[in-house]
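K.L.:
here you go, sequence then predicted model.
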Protein chains: 2
Amino acid sequence: MAEVKLIGKLPSPFVYRVIWALKIKGIPYEFIEEDLTNKNPLLKYNPVHKKVPVLLHGEKTVCESMIIVEYIDETWQQNSLLPNDPYERALARFWVKFAEDKVVSVWRMFGAIGEELEKTMKETEEMLQTVEEHGLGEKKFFGGDNIGIADIAFGSVIYWLEVIEEAVGVRVISEAHKFPRLHAWIKNFKQVPIIQESLPDWDWMVAFCKGRREAVLASA
Amino acid sequence: MAEVKLIGKLPSPFVYRVIWALKIKGIPYEFIEEDLTNKNPLLKYNPVHKKVPVLLHGEKTVCESMIIVEYIDETWQQNSLLPNDPYERALARFWVKFAEDKVVSVWRMFGAIGEELEKTMKETEEMLQTVEEHGLGEKKFFGGDNIGIADIAFGSVIYWLEVIEEAVGVRVISEAHKFPRLHAWIKNFKQVPIIQESLPDWDWMVAFCKGRREAVLASA
């Protein structure tokens, strides 16, 4: 089997999606830290978006975090991240796309103040409410008893959202009583050993986010 | 095999994606025109987005046009819309996601004037240039010799873009010399018999778009 390399930058939530998928599958890989002073490798490997994560598998290059996760799932069969049934696969993809399309408000919250911050909080709350009402049900994970592709898509958002709220000093997901199913899911997600051991340290993340937020606000 | 129904509204480009996939597969279906005076069926079948297209397959409900196309491809095996190889599948999905994420400038062009129109034209040109440079190569279709999922994703954009440019009176994709590969692809796409016979009539589309544009601008 060809060698696997992951070009990434930590603590990018999109890079963690790929790390989790590789670890769940038990695929050894070399992590190559993106060199922000030298964007040339990305121009070569991801000329369209020039972003990490990029997966190198032998001669093959795969870009876009959730497309990489699906590539990993189709290349290595063990510990499936998608169900077998086409309808259940469509449901999983529906929530992946929802995560991809709707979580932009979470990242915008990061550099927002005043009215703009209020707006991103409202949009984030609506997004979470939709997942609470329609996405989770009484299941342990999005797809049932095991962690799957939709959990990976949302996990990288929700943990970062918790950190961002702490760094910004606001409360959306932190209002646990509003989202009982989501909080049960967060608990289940963090208890998966691979997630538990690979989630970046909370205090470090909060400090990192505070620093980045100050830099963003100072340059605005 | 359970009955297939498609809830849609013409000439929605997203609904055409599903129509093309069903026709390529040779699946008979009943088309149910969305009743804009009665949104209740959509609240029931697509409570998250409340939008068409919605595919009903027996008791199953699938939403989001490209997720429906992939569901159709996985449910009926004939005339595959995705390649078998995981890497080629990742490439196809990369361009589907690019179409989903980047074509918003095309729809914004529809209701834009002045500086905003210039901006949407510039963004659209950049999007087309990326497809021209990185997406198509010398192949007949995105995936090779046969029409596939990325062609369906872009076909519903490009034909509508041609119509919108005619209705708005601007030229982006119409500047054929700037996009020789794209124009070769457009020709190949329109020559596929199923596409040829199902594309909505050009004059009707231009008249429809002009009417809608006037309504949008009048209400702005």
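P.N.:
Sure, I can see it.

K.L.:
the bottom helix or strand of chain A by mean pLDDT?
P.N.:
Each helix and strand of chain A was given a mean pLDDT (mean pLDDT, DSSP states H and E); the minimum falls on helix A:40-45 at a mean of 83.

K.L.:
which secondary structure elements does that helix sit against?
P.N.:
strand A:4-8, strand A:54-57 (3 or more C-beta pairs under 8 Å, 6 or more residues apart in numbering or on different chains; DSSP states H and E). Glycine gets a C-beta too; all of them are placed from N, C-alpha and C.

K.L.:
other residues contacting the one helix or strand A:R89 maps to?
P.N.:
Take DSSP states H and E as the rule and A:R89 turns out to sit in helix A:86-102. By C-beta atoms under 8 Å, 6 or more residues apart in numbering or on different chains, the residues outside helix A:86-102 that reach it are A:66, A:82-83, A:127, A:130-131, A:135, A:142-143, A:148-150, A:153-154, A:157, B:48, B:57, B:60, B:62-64, B:67-68, B:70-71, B:74-75, B:97, B:100.

K.L.:
which parts of chain A sit against chain B?
P.N.:
With C-beta under 8 Å from any C-beta of the partner chain as the criterion, chain A comes near chain B at residues A:47-48, A:57, A:60, A:62-64, A:67-68, A:70-71, A:74-75, A:86-87, A:89-90, A:93-94, A:97-98, A:100, A:130, A:134.

K.L.:
please spell out the PyMOL selection for the buried subset of these.
P.N.:
Filtering the residues of chain A next to chain B down to the buried ones (16 or more other C-beta atoms under 10 Å in any protein chain shown) takes a single PyMOL command:
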select buried, chain A and resi 48+57+60+62+63+64+67+68+70+71+74+75+86+87+89+90+93+94+97+98+100+130
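
K.L.:
can you list the domains in chain A?
P.N.:
A:4-75, A:86-219 (automatic domain parsing).

K.L.:
can you put those domains in TSV and add distance to B:A184?
P.N.:
Shown next, in TSV, are the domains of chain A (distance: least, C-beta to C-beta, whole Å):
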stretch	distance to B:A184
domain A:4-75	20
domain A:86-219	30
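
K.L.:
the ones you listed: which one's closest to B:L42?
P.N.:
The closest of the domains of chain A to B:L42 is domain A:86-219. By C-beta to C-beta, the value is 13.8 Å.

K.L.:
what residues of the least confident helix or strand of chain A count as buried?
P.N.:
A:L42, A:Y45.

K.L.:
what lies in contact with it?
P.N.:
Helix A:40-45 is contacted by residues A:I7, A:E34, A:D35, A:K50, A:K51, A:V52, A:V54, A:L56, A:T61, A:C63 when judged by C-beta under 8 Å, 6+ apart.

K.L.:
quick check: the residue nearest to the third one when sequence neighbours are not counted vs A:S65, distance?
P.N.:
Leaving out its chain neighbours, the residue that sits closest to A:D35 by C-beta to C-beta, 6 or more residues apart in numbering or on different chains is A:P41, at 7.4 Å. Look at A:P41 and A:S65: by C-beta to C-beta, to the nearest Å, they are 17 Å apart.

K.L.:
all strands for chain A, in order.
P.N.:
Per DSSP state E, chain A carries strands over the ranges A:4-8, A:30-33, A:54-57, A:60-63.

K.L.:
for the second one, C-alpha coordinates in CSV please.
P.N.:
Once side chains and other backbone atoms are set aside, the C-alpha atoms of strand A:30-33 remain, and they are given as CSV (Å, rounded to 0.1, in the frame of the first residue of the first chain):
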residue,chain,number,x,y,z
GLU,A,30,3.2,11.2,8.0
PHE,A,31,2.0,14.7,9.0
ILE,A,32,3.6,17.5,7.1
GLU,A,33,3.1,20.9,8.8
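
K.L.:
neighbouring strands - and their directions - for that strand?
P.N.:
As defined by DSSP bridges, the strand partners of strand A:30-33 come to strand A:4-8 (parallel).

K.L.:
now do the partner strand: distance to the chain's middle.
P.N.:
16 Å (C-alpha atoms, centre = their mean, to the nearest Å).

K.L.:
if we can go back for a sec, highest average neighbour count across the strands of chain A?
P.N.:
Burial of the strands of chain A is given as mean neighbour count (mean count of other C-beta atoms under 10 Å in any protein chain shown); strand A:54-57 ranks first at a mean of 24.

K.L.:
neighbouring contacts of it?
P.N.:
For strand A:54-57, contacts defined as C-beta under 8 Å, 6+ apart pick out A:2-8, A:18, A:42, A:45-46, A:61-63, A:68, A:71-72, A:75, B:87.

K.L.:
dump the longest helix along chain A to CSV, keeping only the CA atoms.
P.N.:
Identified as the longest helix of chain A according to DSSP state H is helix A:149-168. The C-alpha coordinates for helix A:149-168 follow below in CSV (Å, rounded to 0.1, in the frame of the first residue of the first chain):
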residue,chain,number,x,y,z
ILE,A,149,-18.9,10.8,8.6
ALA,A,150,-21.5,13.3,9.8
ASP,A,151,-20.0,13.0,13.4
ILE,A,152,-16.6,13.9,11.9
ALA,A,153,-18.1,16.8,10.0
PHE,A,154,-19.8,18.3,13.1
GLY,A,155,-17.3,17.3,15.7
SER,A,156,-14.7,19.6,14.1
VAL,A,157,-17.2,22.4,14.3
ILE,A,158,-18.8,21.9,17.8
TYR,A,159,-15.6,21.6,19.8
TRP,A,160,-14.2,24.7,18.0
LEU,A,161,-17.5,26.5,18.7
GLU,A,162,-17.2,25.7,22.4
VAL,A,163,-13.6,27.1,22.4
ILE,A,164,-14.6,30.2,20.4
GLU,A,165,-17.5,30.9,22.8
GLU,A,166,-15.0,30.8,25.7
ALA,A,167,-12.5,33.0,23.9
VAL,A,168,-15.1,35.5,22.7
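
K.L.:
which secondary structure elements does it sit against?
P.N.:
Packing partners of helix A:149-168 (3+ C-beta pairs under 8 Å, 6+ apart): helix A:13-25, helix A:65-75, helix A:86-102, helix A:104-109, helix A:180-191, helix A:202-219.

K.L.:
just send those back as a markdown table, with mean pLDDT too.
P.N.:
Shown next, in a markdown table, are the helices and strands packed on helix A:149-168 (pLDDT from 0 to 100):
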| stretch | mean pLDDT |
| --- | --- |
| helix A:13-25 | 97 |
| helix A:65-75 | 98 |
| helix A:86-102 | 95 |
| helix A:104-109 | 88 |
| helix A:180-191 | 96 |
| helix A:202-219 | 91 |
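
K.L.:
gap between the spatially closest residue to A:E138 that is not a sequence neighbour and A:E132?
P.N.:
Once flanking residues are discounted, A:E138 sits nearest to A:R181: 7.7 Å by C-beta to C-beta, 6+ apart. A:R181 sits 5 Å away from A:E132, going by C-beta to C-beta.
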